[in-house]
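Asks: mind looking at a prediction? Sequence and model below.
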Amino acid sequence: MTELSMSNAVSALPRQLDNVAHILRKAEANAEERGIDAEVFLNARLAPDMWPLAKQVQTVAELAKNAPYRIAGMDAPSYEGHPSSFAECYAVLDKAKADMAKVSDADLDGKEGREFSVKMGPRGDMDFTGISYLSGFTVPNVYFHASTIYNILRHNGVPLGKVDFFGGGR
């Protein structure tokens with residue numbers, strides 16, 4: 001049986017980044033098959049007030065990357081801009097996974113109750129514990145943006161199914 005720990009809980013985040021990369025690979029192949037410029041998918045959005053796909057990818061990467069650093073009480077690396085190609089999307093997902101791997105299990109375990117605040121734009125600071133940040137903020141946000149990526153691509157005719165959201169049945 002797997003031990004319940006903060007490091008074990010955080011370990012689900014890189015898997016979700018892999019799942020997003022799988023979805024993007026299917027979209028890239030579909031764009032090529034259909035003769036669609038990749039920018040069409042990368043700039044697509046579900047609604048005018050929502051971010052485009054490329055910004056959604058950047059956001060998933062940053063949310064996942066920030067979690068272990070914030071839970072451990074460390075400064076997370078900062079990312080600028082958002083990807084403008086499928087290659088850059090894969091790169092930011094890989095970079096986030098590499099940065100997450102720099103936070104050790106020892107840095108995370110036992111930090112479930114660690115209290116901290118995160119500045120949330122004009123809303124100001126929000127207070128969290130390690131576990132509330134992971135389970136009540138990070139995981140729902142990662143899944144929201146990953147679902148939005150999936151939905152943007154489905155809306156644009158990419159043949160994705162539920163199994164693709166979970167990485168294609170690896």
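Replies: Good, I have the coordinates.
Asks: only C-alpha atoms from now on, for both contacts and neighbour counts.
Replies: OK.
Asks: how close does N156 get to I149?
Replies: 11 Å (Cα to Cα, to the nearest Å).
Asks: these two: which is more packed in?
Replies: I149 (29 against 16; other Cα atoms under 10 Å).
Asks: that one reaches Q56, doesn't it?
Replies: Yes - if you go by Cα atoms under 8 Å, I149 and Q56 touch, sitting 6.4 Å apart.
Asks: show me the helices in this structure, by range?
Replies: 6-10, 12-34, 38-42, 53-72, 86-100, 105-108, 130-133, 139-155, 162-165 (DSSP state H).
Asks: quick one, which of the ones you listed gets closest to E115.
Replies: E115 lies closest to helix 130-133 among these, at 6.7 Å (Cα to Cα).
Asks: and the closest one, what does it pack onto?
Replies: helix 53-72 (3 or more Cα pairs under 8 Å, 6 or more residues apart in numbering; DSSP states H and E).
Asks: measure the residue lying farthest from the centre of the chain to R114 for me?
Replies: Computed with Cα atoms, centre = their mean, the residue of the chain farthest from its C-alpha average is G35, at 27.8 Å. Using Cα to Cα, G35 is found at 51 Å from R114.
Asks: in stretch 93-107, what counts as buried?
Replies: L93, D94, K95, A96, K97, D99, M100, V103, D105, D107 (16 or more other Cα atoms under 10 Å).
Asks: ok, stretch 141-148 next?
Replies: For stretch 141-148, using 16+ other Cα under 10 Å, the buried residues are N141, V142, H145, A146, T148.
Asks: for the spatially closest residue to L13 that is not a sequence neighbour, give me its contacts.
Replies: With Cα to Cα, 6 or more residues apart in numbering as the criterion, L13 has its nearest non-adjacent residue at 5.8 Å, and that residue is A64. A64 makes contact with L13, P14, L17, A96, M100, T138, V142 under the criterion Cα atoms under 8 Å, 6 or more residues apart in numbering.
Asks: find me the pLDDT at the first one, would you?
Replies: At L13 the predicted local distance difference test score is 97.
Asks: what's the neighbour count on it?
Replies: Counted with other Cα under 10 Å, L13 comes out at 26.
Asks: how near is it to L153?
Replies: 21 Å.
Asks: again with the last one
Replies: Shown here: V142 relative to L153, a distance of 17 Å by Cα to Cα.
Asks: the fourth one now?
Replies: Remark: distance between A96 and L153 (Cα to Cα) = 22 Å.
Asks: same thing with the fifth one?
Replies: M100 sits at a distance of 27 Å from L153 (criterion: Cα to Cα).
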